[in-house]
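**Student:** what would the 3D arrangement of this be:
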Amino acid sequence: MDSAPQFFRHGPGPLARLILSILLSCLLIMEDLRFKTIPELRQGIGTIIYPLQQAAIFPVMVIDSIHEFISNIDIVKENAFLRDRYLRDSARLLHLNALETENEHLRKLLGAVNTIDSKTNAQAVMAEILYVPRDPFSHKITINKGSLHDIQPGQVVIDNKGVIGQITQIYPLGAEVTLITDRDHSVPIQIVRNNIRTVISGTGKNNEIELRYLSVNTDIRIGDLLVTSGIGGVYPRGLPVAKIAEIKRHPADHFAQITGTPIAGVDRNRQVLILSLLPSLTSSSELTENITEDVKH
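**Tutor:** Down below sits the predicted model:
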């Protein structure tokens, strides 16, 4: 049996294949540069096989869409959860801030109680403000301690900074407090700087009191601190009341026009202290009349 020639049995050698590939590459490059037929052929082939490409990648696109849909559902749920948690945490944070402020005020009240107990024989009972009138001409508040808590008319009400007012009406579970800014309320005071004693009276305006019957030559200055004098036994001695804010002196007048700003305020806190009655208690109006007569003389 005749065998095939060596050339046809093994095919072209590597060198021949290389030369053939180089020639074909050169021909294709020249054709692409001169005749521009290969790009058109490529576009035609691409147009023909485009549906096949889309059909091939369609399952992958479906799977990706399903994954994206599931991921979006998870993201929506997570956002809803985080939003709800944020709102709840914000509410808790606000509540905690309010409690922190209230606790700080209670600690200050406790310090005020210890100071009062160390200086006087008065005892303090803590109470909470239930009602503050919206009427700017009403200077009375209601607290949650009354006759069932051994509260009596005439007791002094303070906060951690100073005097707020005096109890004027009692109910079983509450009491009405007349503020020192009320037009009909007066407090015996003395000036810390020089110990001059007099009486302050409310003006019927918020955050304003006045000193009456002080001569134009009285040694008093803006910024002077006024504290309770203790005269009459209603207010323990040394409780801060107000600071002098304005002084008007007219040579034609016998008395100076002096106004001050209360140190304490019911618009700042919810808790107050009620000081126990002292044995020598007299009413505020009687005390005011007595001290006013002394000042005039």
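**Student:** ok, residue 162 to residue 127 distance?
**Tutor:** 16 Å (C-beta to C-beta, to the nearest Å). Placement of C-beta: from N, CA and C, glycine included.
**Student:** should've said residue 156
**Tutor:** Residue 156 is 12 Å from residue 127, by C-beta to C-beta.
**Student:** next, show the common contact partners of these two.
**Tutor:** Residues touching both residue 156 and residue 127 (C-beta atoms under 8 Å, 6 or more residues apart in numbering): residue 274.
**Student:** the two - which one has more neighbours?
**Tutor:** Legend: neighbour count by other C-beta atoms under 10 Å for residue 156 and residue 127, higher for residue 156 (27 against 22).
**Student:** what sits against the more buried one?
**Tutor:** Counted by C-beta under 8 Å, 6+ apart, residue 156 has contacts 122, 163, 165-167, 234-236, 239, 274-275.
**Student:** narrow these to those in helices?
**Tutor:** Judged by DSSP state H, the contacts of residue 156 include no members of helices.
**Student:** can you put those residues in JSON lines and add distance to residue 182 and pLDDT?
**Tutor:** Shown next, in JSON lines, are those (distance: C-beta to C-beta, whole Å; pLDDT from 0 to 100):
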{"residue": "122", "distance to residue 182": "22", "pLDDT": "62"}
{"residue": "163", "distance to residue 182": "13", "pLDDT": "90"}
{"residue": "165", "distance to residue 182": "7", "pLDDT": "92"}
{"residue": "166", "distance to residue 182": "9", "pLDDT": "93"}
{"residue": "167", "distance to residue 182": "13", "pLDDT": "93"}
{"residue": "234", "distance to residue 182": "15", "pLDDT": "83"}
{"residue": "235", "distance to residue 182": "15", "pLDDT": "85"}
{"residue": "236", "distance to residue 182": "20", "pLDDT": "84"}
{"residue": "239", "distance to residue 182": "18", "pLDDT": "87"}
{"residue": "274", "distance to residue 182": "18", "pLDDT": "89"}
{"residue": "275", "distance to residue 182": "18", "pLDDT": "85"}
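**Student:** which intervals of the stretch 101-250 of the chain have sub-threshold pLDDT?
**Tutor:** Applying pLDDT under 70 to the stretch 101-250 of the chain flags residues 101-122.
**Student:** so which residues make contact with stretch 175-183?
**Tutor:** Here stretch 175-183 makes contact (C-beta under 8 Å, 6+ apart) with 127, 139-143, 145-146, 151, 157, 163-170, 184-185, 187, 200-209, 241-242, 262, 266, 272.
**Student:** wait, which of the contacts of residue 156 is closest to residue 80?
**Tutor:** Closest approach between the contacts of residue 156 and residue 80, by C-beta to C-beta: residue 274, at 49.7 Å.
**Student:** how about the helices in the protein?
**Tutor:** Under DSSP H, the chain gives helices at 6-10, 14-34, 38-119, 284-296.
**Student:** surely residue 171 touches residue 146?
**Tutor:** Yes. Using C-beta atoms under 8 Å, residue 171 makes contact with residue 146 at a distance of 4.7 Å.
**Student:** which of the contacts of stretch 175-183 count as buried?
**Tutor:** Applying 16 or more other C-beta atoms under 10 Å to these, the neighbour count classes 127, 139-143, 145-146, 151, 157, 163-168, 170, 185, 187, 200-203, 208-209, 241-242, 262, 266, 272 as buried.
**Student:** what about these, which are in strands?
**Tutor:** Among the buried ones among the contacts of stretch 175-183, the ones falling in strands (DSSP state E) are 127, 140-143, 157, 163-168, 170, 187, 200-202, 209, 241-242, 262, 272.
**Student:** residue 267 against residue 129, yeah?
**Tutor:** No. The pair residue 267 / residue 129 is not scored as a contact, 9.7 Å apart, by C-beta under 8 Å.
**Student:** compare the two (neighbour count), which wins?
**Tutor:** Shown here are residue 267 and residue 129; by other C-beta under 10 Å, residue 129 has more neighbours (19 against 9).
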